[in-house]
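**Q** Okay, sequence plus prediction incoming.
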Amino acid sequence: MNLIPEPLRGYRRAWLTRDLIAGLTLSAVAIPEVMGYTSIAGTPIVTGLYTIIFPTLLFALLGSSRLLVVGADSATAAVLAAGLTGLGIAGVTPGSPDWLAFASLTALVCGALLILARLLRLGFIGDFLSASVLIGFLTGVGIQVLSGQIPDLLGIPKGKGGWFEQQWHWITSLSSIELGTLAFGLATIVVIQIFRRFIPAVPGAVVAVVLLTAVSALIDAQAHGVAVVGAVQGGFPPIGLPSGISWSDVGKVVPTALSCFVLIIAQSAATSRSFAFKHGDAVDINRDIVGLSGANLAAGLTGTFVVNGSPTKTQILDEQKGRTQLANLTMAAVVLVFTLFCTGLLADMPTAVLAGIVFLIGVSLIDVPGLQRLWMRRKNEFVVAVITAITVFAVGVEQGIILAIVLSLLDLVRRQYTPGDFVIGQNQAGEPIYLPAKPGAQSLPGLVVFRYDAELFYANANRFADHFESVISAAPDPVRWVALDCAAIDDIDYSAGVTLANLVNYSRAHNARFVLVRPDTQLLSTLRAYGTLDTIGEDNIFPTLAEAFRAYRADPDPRLPLSG
């Protein structure tokens, strides 16, 4: 039995130095980021640090990805906060012990759902969120995240109500701006952007935190009306079940946990897969789900909130030439040391500094290049992305996830319902020519080879038949052969099988021979089970287009008896 974690198997000594350096660099980026995510999740600052100690350790031991960085994430933090706010339970308010207890319970339930997903091999669920809706979803989260930091940047109390009401509140409260707070917030954004632009190797967020916290302490910014973080309780993460939680509370967080679960699978799988392909590594999404389950269970048992695979931190790890999860274990060790001994250094940090860090995180989530590509290449998917984004920030993150899934499925059905269809001809070299399948098209005089680029099922079967019939009935020459090219059809349900049999009868009623071209063995087995193949006839099956065209040219006499 091999006890070495999968991501560390085959480790080479030459990787050690690079992994350690990458882990140190990653911790410098992750510490201010995850502290900032707590302002989204509504939990104490130290809980952000907790997300990259034991959760990171568990994923490194149980997952398969060599690079995926697991910890707090802005999208899942936003989903969590929206879900807990919607509970409407007295005392469960952001920053309260009850809020944190429910946040940890959500992580435990999410971990349990991920275990169930692994047992049922449900890793494919993430594939049902298309790239366009993910672009829209993360863009909406970005707008929600950055807009939620504006009051803290301005030193204005946050408004109540929906997103539009909150924006209207700070807009109408501009006369109450606290200039010292605004100065720290803007300085944070400027410092990070300068380092990102001119010295990208140095984490600008760390420089901003250290520099501006020192300035705050030096001038006693709190005495001048600037809100500061204050004492941060450090120490070893608490081990155990969330306090004050009963079994009856589990059902209350299931909807929120389900939303996080879908997002975790979609985002983590996409990130893990892209970096594995980049480096030629094998992809085992179901094994990663085990790691993500362990990470969320660890989060729930160590006093913090839901964790997810982070595309941005994984990208940083890759840029630093990290090779394995040893880099992430190094990050976890550094954060543990910081949590045990250094949190006292955060007392004078202005809250506007964290707000500035999170504001830029929100900006980075707005995928303008992705939206531009959709606009240029697939305007219908651009509309889907925009609708998803607006739903996320204007209505709610959970509703945005539900809409994203629904829109993805509807788009799948739409493409299956209205696929491309063609009439296939031949050029002088005998190569196929794909012509638009419209009335008046034919492959050869008296021959129509019809191609339908989708599986046939109950929803599109009638449309398929109607379109096929319209091409046959409007052909310039009397149709003697009707051929269905099955190269894109690898399955057919019973309803579509009945429709196909009716189409065979329609062809024969018009004195045309019906044949199948390029069907695979699975499709033939299905049609045989339905009895449809008996209707078509075994001698009316051709493995290639060329053979079908040759057979048609060799059968010029329309009075020949039809097979079957």
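**A** Arrived safely.

**Q** May I ask which helix or strand of the protein has the lowest mean pLDDT?
**A** Sorted by mean pLDDT, DSSP states H and E, the helices and strands of the chain end with helix 397-417, the least confident at a mean of 77.

**Q** Neighbouring strands of whatever helix or strand comes next after it in the sheet, and parallel or not?
**A** Sequence order places strand 421-426 as the next helix or strand after helix 397-417, per DSSP states H and E. Using DSSP bridges, the strands paired with strand 421-426 in its sheet are strand 432-436 (antiparallel), strand 447-452 (antiparallel).

**Q** among those, which gets the worst mean confidence?
**A** Confidence, taken as mean pLDDT, is least for strand 432-436 of the strands paired with strand 421-426 (a mean of 86).

**Q** who touches that strand?
**A** Outside strand 432-436, the residues that touch it by C-beta atoms under 8 Å, 6 or more residues apart in numbering are 422-427, 441, 451, 545. (Glycine included, C-beta is placed from N, CA and C.)

**Q** now that strand, how far from the centre of its chain.
**A** 36 Å (C-alpha atoms, centre = their mean, to the nearest Å).

**Q** Likewise for stretch 178-187?
**A** 35 Å.

**Q** what sits up against that stretch?
**A** Outside stretch 178-187, the residues that reach it (C-beta under 8 Å, 6+ apart) are 152-156, 208, 212, 216, 221, 224-227, 350-353, 355-356, 359.

**Q** Any quick PyMOL command for the buried ones out of the residues you listed?
**A** To isolate the buried members of these in PyMOL, using 16 or more other C-beta atoms under 10 Å:
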select buried, resi 152+153+154+155+156+208+212+216+221+226+227+350+351+352+353+355+356+359
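
**Q** remind me which residues of the protein are low pLDDT?
**A** Along the chain, the model assigns pLDDT under 70 to residues 1-3, 126-129, 556-564.

**Q** Tell me where the stretch 201-350 of the chain has helices.
**A** Counting by DSSP state H, counting those that start in this stretch, the stretch 201-350 of the chain has helices at residues 204-219, 250-279, 285-301, 311-319, 326-341.

**Q** Just the C-alphas of the third one, formatted as PDB.
**A** Read that as helix 285-301. Extracted as PDB, the C-alpha positions of helix 285-301 are listed here (Å, rounded to 0.1, in the frame of the first residue of the first chain):
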ATOM      1  CA  ILE A 285     -11.600  15.000 -10.900                       C
ATOM      2  CA  ASN A 286     -13.300  12.400  -8.700                       C
ATOM      3  CA  ARG A 287     -10.100  12.100  -6.600                       C
ATOM      4  CA  ASP A 288     -10.000  15.900  -6.300                       C
ATOM      5  CA  ILE A 289     -13.600  15.800  -5.000                       C
ATOM      6  CA  VAL A 290     -12.300  13.600  -2.200                       C
ATOM      7  CA  GLY A 291      -9.700  16.200  -1.400                       C
ATOM      8  CA  LEU A 292     -12.200  19.000  -1.500                       C
ATOM      9  CA  SER A 293     -14.500  17.100   0.700                       C
ATOM     10  CA  GLY A 294     -11.700  16.600   3.300                       C
ATOM     11  CA  ALA A 295     -10.800  20.300   3.000                       C
ATOM     12  CA  ASN A 296     -14.400  21.400   3.700                       C
ATOM     13  CA  LEU A 297     -14.800  19.000   6.600                       C
ATOM     14  CA  ALA A 298     -11.500  20.300   8.000                       C
ATOM     15  CA  ALA A 299     -12.800  23.900   7.600                       C
ATOM     16  CA  GLY A 300     -16.000  23.000   9.400                       C
ATOM     17  CA  LEU A 301     -14.100  21.400  12.300                       C
END
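
**Q** Can you spell out which helices and strands pack onto that helix?
**A** Contacts defined by 3 or more C-beta pairs under 8 Å, 6 or more residues apart in numbering; DSSP states H and E place helix 285-301 against helix 54-62, strand 70-71, helix 97-119, helix 250-279, strand 308-309.

**Q** rerun that using 7 Å as the cut-off
**A** helix 54-62, helix 97-119, helix 250-279 (3 or more C-beta pairs under 7 Å, 6 or more residues apart in numbering; DSSP states H and E).

**Q** Specify the angle between that helix and helix 250-279 in degrees.
**A** Orientation check (axes from the mean of the first three to the mean of the last three C-alpha atoms, to 10 degrees): helix 285-301 against helix 250-279 gives 130 degrees.

**Q** Deepest in the core, which of the helices and strands packed on helix 285-301 is it.
**A** With neighbours taken as mean count of other C-beta atoms under 10 Å, the helices and strands packed on helix 285-301 reach their highest mean count in helix 54-62, at a mean of 25.

**Q** picking up where we left off before, pick the most deeply packed of the strands paired with strand 421-426.
**A** Mean neighbours per residue, mean count of other C-beta under 10 Å, is largest over the strands paired with strand 421-426 for strand 447-452, with a mean of 24.

**Q** Can you work out which other helices and strands pack against the helix or strand following it?
**A** Of the helices and strands lying after strand 447-452 in sequence (DSSP H and E), the nearest is helix 461-473. If contacts are counted by 3+ C-beta pairs under 7 Å, 6+ apart, helix 461-473 sits against strand 447-452, helix 494-509.

**Q** So which of the ones you listed is the most surrounded?
**A** By mean count of other C-beta under 10 Å, these have strand 447-452 as the most buried, with a mean of 24.

**Q** For that strand, report the contacting residues that lie outside it.
**A** Strand 447-452 is contacted by residues 419, 421-424, 437, 442-443, 464, 468, 471-472, 475, 479-485, 488-489, 517, 548, 552 when judged by C-beta atoms under 7 Å, 6 or more residues apart in numbering.

**Q** which of these count as buried?
**A** Buried members of those, scored by 16+ other C-beta under 10 Å, are 419, 421-424, 437, 442-443, 464, 468, 471-472, 475, 479-485, 489, 517, 548, 552.

**Q** circling back to that earlier point, would TSV of the helices and strands packed on helix 461-473 with distance to residue 249 be doable?
**A** Shown next, in TSV, are these (distance: least, C-beta to C-beta, whole Å):
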stretch	distance to residue 249
strand 447-452	52
helix 494-509	45
